[in-house]
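> model this:
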Amino acid sequence: MNTTIINQPNVETSRTVEQLVAGQATSDGAGVKLTRVLTQNLQHRLDPFLMLDAFGSDQPDDYIAGFPDHPHRGFETITYMIAGRMLHRDSAGHEGLLENGGVQWMTAGKGVIHSEIPQQEEGVMEGFQLWLNLSKRDKMNTPWYRDFKATDLPKFVTEEGVAVTVIAGESHGVGGAVTRDTTQPNYLDLHLPAGARFAQQLPAGHNAFVYVYRGEVRIGGKAVPAMRMAILANDAQADGVVIEASADARVLLVSGQPLKEPIVQYGPFVMNTQDEIYQALSDFRDGRLGETA
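Predicted structure coming up:
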């Protein structure tokens, strides 16, 4: 880990909290219990992000069956594992073991069939899966996959003791593990000690949110408790966000450039038109979705 102390960037005016979202308890895959934080009705507001699921349990029945083979087309999945072990396999020939602090980034593109199966029978499994949309011109690209161990992810500590993992994008001059030119995602995991503040510059046109998974923070004077997503207001006067922690806290800070394109979703397929959804269903039914050719 890079323990070099890095100075905070200057944020003159912080974004404020537009809305707090609690998320919805649900299950997916073969019965994995999770909380869907970013739901379908927020896709346009938080474009280019389509979904955020938070999962966490020390009860094996909540996660043990995992996510058997299922298809995707038209977007990217970013799975960040806080604790636990999950094996990924897909129809493009990729395989990787996701462990504590690791990230798996998969571009479904024109189509992939994959499975995510826990490699543990007890203990805690905790993490997040974020869906990032692809632009119309990129939706039918060749599938791509990259497995990052915790030690592969760029990290630094601010002068106030905030430990930062840069999964995507850039923070305080430190480049992330992944960058994307079109959607320009920034994805940070922040561990804030009590009394610390963290400042991140954000382009005015980007949509952004904060998800608190430990403790509580304040943004623009508003408290954001654990297990809540704060949608940050798109204030043209704001040049970033300042996050303050009165007690130890852990949060995800996510932002990106909206695509401003039609979003048509049917389960694991996200395209621009209904006809493209019909084509995805037809390709899946006929066994063409996961073809590597």
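> so Tyr278: helix, strand or coil?
helix (DSSP: H, G, I helix; E, B strand; the rest coil).
> burial count for it?
Per other CB atoms under 10 Å, the neighbour tally for Tyr278 reads 13. (C-beta placed from N, C-alpha, C; glycine too.)
> next: Arg146.
Neighbours of Arg146 using other CB under 10 Å come to 14.
> and what of Leu132?
22.
> and if you look at the one 10 residues further on?
Thr142 has 11 neighbouring residues, counting by other CB under 10 Å.
> for it, helix, strand, or coil?
Strictly by three-state DSSP, Thr142 counts as coil.
> got it, and Leu281?
When classified by three-state DSSP, Leu281 comes out as helix.
> quick one: low-confidence parts of this structure?
Along the chain, the model assigns pLDDT under 70 to residues 1-4, 30, 290-293.
> nearest the geometric middle of it, what residue?
Residue closest to the average C-alpha location in the chain (CA atoms, centre = their mean): Leu130, at 3.1 Å.
> look up phi and psi at it.
Main-chain dihedrals, Leu130, degrees, to the nearest 10: phi -110, psi 130.
> so what's it bridging to?
Leu52, Ile78 (DSSP bridges).
> check Phe209 too.
Ile231, Val254.
> pretty sure it sits against Val251.
No - using CB atoms under 8 Å, Phe209 is not in contact with Val251; the gap is 10.2 Å.
> about what we covered before: and the residue nearest to the centre of the chain, what is it in contact with?
Leu38, Phe49, Met51, Leu52, Thr77, Ile78, Thr79, Tyr80, Tyr187, Val254 (CB atoms under 8 Å, 6 or more residues apart in numbering).
> do that again at 7 Å, thanks
By CB atoms under 7 Å, 6 or more residues apart in numbering, the residues touching Leu130 are Phe49, Leu52, Ile78, Val254.
> could you export those as CSV, including neighbour count and distance to Ile117?
Compiled in CSV, these are given as follows (neighbours: other CB atoms under 10 Å; distance: CB to CB, whole Å):
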residue, neighbour count, distance to Ile117
Phe49, 26, 25
Leu52, 24, 21
Ile78, 22, 18
Val254, 29, 26
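> Gly23: which of these is nearest?
Leu52 (8.3 Å; CB to CB).
> is that closest one in contact with Phe128, as I believe?
Yes - the pair Leu52 and Phe128 passes the contact test of CB atoms under 7 Å, sitting 6.5 Å apart.
> the residue lying closest to Leu50 once chain neighbours are set aside and Arg218: what is the separation?
Closest residue in space to Leu50, ignoring its immediate chain neighbours: Trp131 at 4.0 Å, by CB to CB, 6 or more residues apart in numbering. Per CB to CB, to the nearest Å, Trp131 is found 28 Å from Arg218.
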